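One predicted model, sequence on top.
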Amino acid sequence: MRLAGPESSATAEPRARKYKCGLPQPCPDEHLAFRMVSGAANVIGPKICLEDKMLMSSVKDNVGRGLNIALVNGVSGELIEARTFDMWAGDVNDLLKFIRPLHEGTLVFVASYDDPATKMNEETRRLFGELGSRNAKELAFRDSWVFVGAKGVHNKSPFEQHVKNSKHTNKYEGWPEALEMAGCIPRRGPAS
């Protein structure tokens, strides 16, 4: 017996096909599909999806205030480690110990939540710049930031968005809007 529902009705709108991480089209061969969203104010946590796997989210209970960072093998696309760094009350040295020893070709996914920058120092900003960030040097209290970079890049990353915390343009009282970014990242070649 077949039940008639909204999907079988002649007036139902055809659903747009979604690909990995909800992208509207598939990524080319040798590319990794991703979608990431920064946190919204201090209420809704960030999300990082890669190749249809949720690497970080509130549901996984592995996100927190500050910088949410997933390290990914740029060749295989496998998660190496995901951690959160409290940039308001935490120790910036924990973050430095995490990003200093990265191997060539490691992809670095960063999504802010609440405050990404209060504890950032010059070395932290320089290291993010070396990973391809244009905006790390100017990040400030409660800015929204999403970024994908890689150890060993020679240019600035095309995968970065930044919104300043400004009482004149903030979407939420005291915080700018959440940022969403999605796309296809080329896999890194094996180290030579």
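Nice, I can see it.

which residues make contact with stretch 18-29 from outside it?
16, 33, 34, 35, 49, 50, 51, 52, 182, 183, 184 (Cβ atoms under 8 Å, 6 or more residues apart in numbering). Just so you know, the C-beta spots here come from the backbone N, C-alpha and C atoms, and that holds for glycine as well.

And for the second one, nearest residue in space, chain neighbours not counted?
Nearest in space to residue 33, with sequence neighbours left out and distances taken as Cβ to Cβ, 6 or more residues apart in numbering, is residue 20 at 3.7 Å.

Could you check the pLDDT of that neighbour?
Looking at residue 20, its pLDDT is 95.

Now for it, how many residues are close by?
18 (other Cβ atoms under 10 Å).

so how far is residue 93 from it?
36 Å (Cβ to Cβ, to the nearest Å).

Can I get the lowest-mean-pLDDT helix or strand in the chain as CSV, trimmed to CA atoms?
Using mean pLDDT, DSSP states H and E, the weakest-scoring helix or strand in the chain turns out to be strand 160-163, at a mean of 82. Below are the C-alpha coordinates for strand 160-163, written out as CSV (Å, rounded to 0.1, in the frame of the first residue of the first chain):
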residue,chain,number,x,y,z
GLU,A,160,38.0,33.9,4.9
GLN,A,161,35.2,36.2,6.2
HIS,A,162,35.3,38.8,8.9
VAL,A,163,32.7,41.2,10.4
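
centre of the chain versus it, how much separation?
11 Å (Cα atoms, centre = their mean, to the nearest Å).

which outside residues touch that strand?
Contacts of strand 160-163 (Cβ under 8 Å, 6+ apart): 132-135, 138-139, 143-149, 176-177, 179, 181.

Strands of the chain, start to end?
For the chain, applying DSSP state E gives strands covering 31-37, 47-50, 53-56, 66-73, 79-85, 106-113, 144-150, 160-163, 180-186.

ok so, going back, so which bits of the least confident helix or strand of the chain are buried?
160, 162, 163 (16 or more other Cβ atoms under 10 Å).

Stretch 47-58 now?
Neighbour-count burial for stretch 47-58, with 16+ other Cβ under 10 Å as criterion, is recorded at 47, 48, 49, 50, 51, 55, 56, 57.

still on that earlier bit, and the buried residues of strand 160-163 as a markdown table, adding distance to residue 116?
What follows is these, written out as a markdown table (distance: Cβ to Cβ, whole Å):
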| residue | distance to residue 116 |
| --- | --- |
| 160 | 13 |
| 162 | 9 |
| 163 | 11 |
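
now, which of those sits nearest residue 108?
Relative to residue 108, the closest of those is residue 160; by Cβ to Cβ it sits at 11.2 Å.

do you know how far the closest one is from residue 84?
Taking Cβ to Cβ, one finds residue 160 at 19 Å from residue 84.

where are the low-confidence patches of the protein?
1-17, 41-43, 164-177, 190-192 (pLDDT under 70).
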